[in-house]
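Asker: Sharing a model prediction with you, sequence too.
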Amino acid sequence: MPFATTADQAKIYYQVRGSGEPLVLLSGQANTHHWWDNVHADFEDDYLTIVLDYLGTGQSDKPADAEYSVRRFAGDVIAVLDDLGIARAHVYGTSMGGKVAQWVAIDHPDRIGALVLGCTSVGGTRGLRADAEVTRSLAQPSADAAREALIDLMYTPEWVRTHPGPYVTLGGRMPHHARRGHLRASNGHDSWAELDRVTAPTLVLHGADDIFSPAENAAILAGRIAGAELYYLEGARHAYFEEQQAESSGAVLRFLAEHPLS
C-alpha cells in the first residue's frame, strides 16, 4: 500500500487513480479518503486524482503526541506529492479540506496549480460558525440522534428520501485523541491575514442553503483572494458536491480546464 512519510516520520496513506494532470482531493474533518467515493469518478478520466487519509484517520498513523492542525495537514499533502514525485498539482478541498487547501496555497505556492475551495471558511474571527442550535444538535447524548442531525446538515430531506445511504461524509472510526485533534485543527484555522498571499487561480463553491458552514463564508473567502471566482449551488447544503454532483463537478472541471498546469 502507498504511504508517504511526513517530516515527523508519520505515515500517510494515499491512493492514486486516473490519468492526466494531478489533482488532490481533500476531505472534511475526521473523514478518510472515502469522503470522495461517490464523486471521484467525475475527475479520474481527465486527471490523475490523489486522495489521502489525514493523520489520525483511516490507514494513516494516529499518534497521540503529534501536532493536529490544518497547516500541518497541508505539509502532509506536500509529503504525498513528494512521494509521488509530483512538482505541482491542482488542489480541491471541501469543508476542513478547504482549510487545508488554503494553507497548501499559502505555504507552498510553487506546488499548486488551480485551487478549488468548497463549503469552507477563512476561520478565526472573520469566518462565520454554525449557530448554537446547530452545535447542540450534534452534541446530543444519543448517537443516532446526532447522526440524523448531521445528515440533515449535509443533505436536504428531499435528497435523503431517494438516497438512503450509506453516507460517506459522516466520518469514520478513529481514536478519541485524533478526533479531538481534528476538531481543534478545524476550529483553530485562521487564514485571513495570509490569504492575500494566494496566487493560484481560485474557485470558491458553496451550497446556498448550508448552515453547517454558513453560506456567507464563501463571499468572505472569495473576497479575500485576488481574482477568485464565486459559485453558489442553489438549494444545496454542506455536501453540495454529492447532492448537486453534476453541476458542481461540472463547474470544477470547467475551471480546471481553464487553468492548466502548463
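Answerer: Yes, it's here.

Asker: you'd agree Leu117 is in a strand?
Answerer: Yes: looking at Leu117 with DSSP: H, G, I helix; E, B strand; the rest coil, it is inside a strand.

Asker: Now it: closest residue in space that isn't a chain neighbour?
Answerer: Counting by C-beta to C-beta, 6 or more residues apart in numbering, Gly98 is the residue found nearest to Leu117 once chain neighbours are left out, at 4.3 Å. (Glycine included, C-beta is placed from N, CA and C.)

Asker: do you know how far Val122 is from Val70?
Answerer: Val122 sits 12 Å away from Val70 when distances are taken as C-beta to C-beta, to the nearest Å.

Asker: intersection of neighbour lists for those two?
Answerer: Residues touching both Val122 and Val70 (C-beta atoms under 8 Å, 6 or more residues apart in numbering): 102, 189.

Asker: And those two? Which one has more around it.
Answerer: Residue environment comparison for Val122 versus Val70 gives the larger neighbour count to Val70, 29 against 25, counting by other C-beta atoms under 10 Å.

Asker: show me the contacts for that one.
Answerer: By C-beta under 8 Å, 6+ apart, Val70 lies in contact with 96, 99-100, 102-103, 185-186, 188-189.

Asker: how much space between it and Thr120?
Answerer: With the distance defined as C-beta to C-beta, Val70 ends up 10 Å from Thr120.

Asker: Spell out which residues are contacts of both of those two.
Answerer: Overlap of the contact sets of Val70 and Thr120 (by C-beta under 8 Å, 6+ apart) consists of 96, 99, 102.

Asker: filter these to the buried ones?
Answerer: Buried members of those, scored by 16 or more other C-beta atoms under 10 Å, are 96, 99, 102.

Asker: Quick check: Asn38 vs Gly28, distance?
Answerer: Counting by C-beta to C-beta - Asn38 and Gly28 are separated by 14 Å.

Asker: who has more neighbours, the two?
Answerer: Just comparing Asn38 and Gly28: by other C-beta under 10 Å the higher neighbour count belongs to Gly28, 28 against 16.

Asker: mind listing the strands for the stretch 51-200 of the chain?
Answerer: Here the stretch 51-200 of the chain has its strands, by DSSP state E, counting those that start in this stretch, at 89-94, 112-118.

Asker: what sits up against the longest one?
Answerer: Contacting residues not belonging to strand 112-118 are listed as 21, 88-95, 97-98, 101-102, 104-105, 198, 200-206, 221, 240-241, 248, 252, 255-256, 259-261 [C-beta under 8 Å, 6+ apart].

Asker: element containing Leu230, please.
Answerer: With secondary structure defined by DSSP states H and E, Leu230 is part of strand 229-233.

Asker: Point out the other helices and strands that that strand packs with.
Answerer: When contacts are defined as 3 or more C-beta pairs under 8 Å, 6 or more residues apart in numbering; DSSP states H and E, strand 229-233 sits against strand 202-207, helix 216-224, helix 245-258.

Asker: got the CA positions of the second one in PDB?
Answerer: This file holds the C-alpha atoms of helix 216-224, laid out as PDB (Å, rounded to 0.1, in the frame of the first residue of the first chain):
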ATOM      1  CA  GLU A 216     -21.900  33.800   3.600                       C
ATOM      2  CA  ASN A 217     -18.400  32.300   4.300                       C
ATOM      3  CA  ALA A 218     -18.000  31.800   0.500                       C
ATOM      4  CA  ALA A 219     -18.200  35.500  -0.200                       C
ATOM      5  CA  ILE A 220     -15.900  36.400   2.600                       C
ATOM      6  CA  LEU A 221     -13.300  33.900   1.400                       C
ATOM      7  CA  ALA A 222     -13.600  34.800  -2.300                       C
ATOM      8  CA  GLY A 223     -13.300  38.500  -1.400                       C
ATOM      9  CA  ARG A 224     -10.000  37.900   0.300                       C
END
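
Asker: on that earlier part again, would you mark the buried spots in the strand holding Leu230?
Answerer: 231-233.

Asker: possible to save the residues you listed as JSON lines with pLDDT?
Answerer: Output for the buried residues of strand 229-233, formatted as JSON lines (pLDDT from 0 to 100):
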{"residue": "Tyr231", "pLDDT": "98"}
{"residue": "Tyr232", "pLDDT": "98"}
{"residue": "Leu233", "pLDDT": "98"}
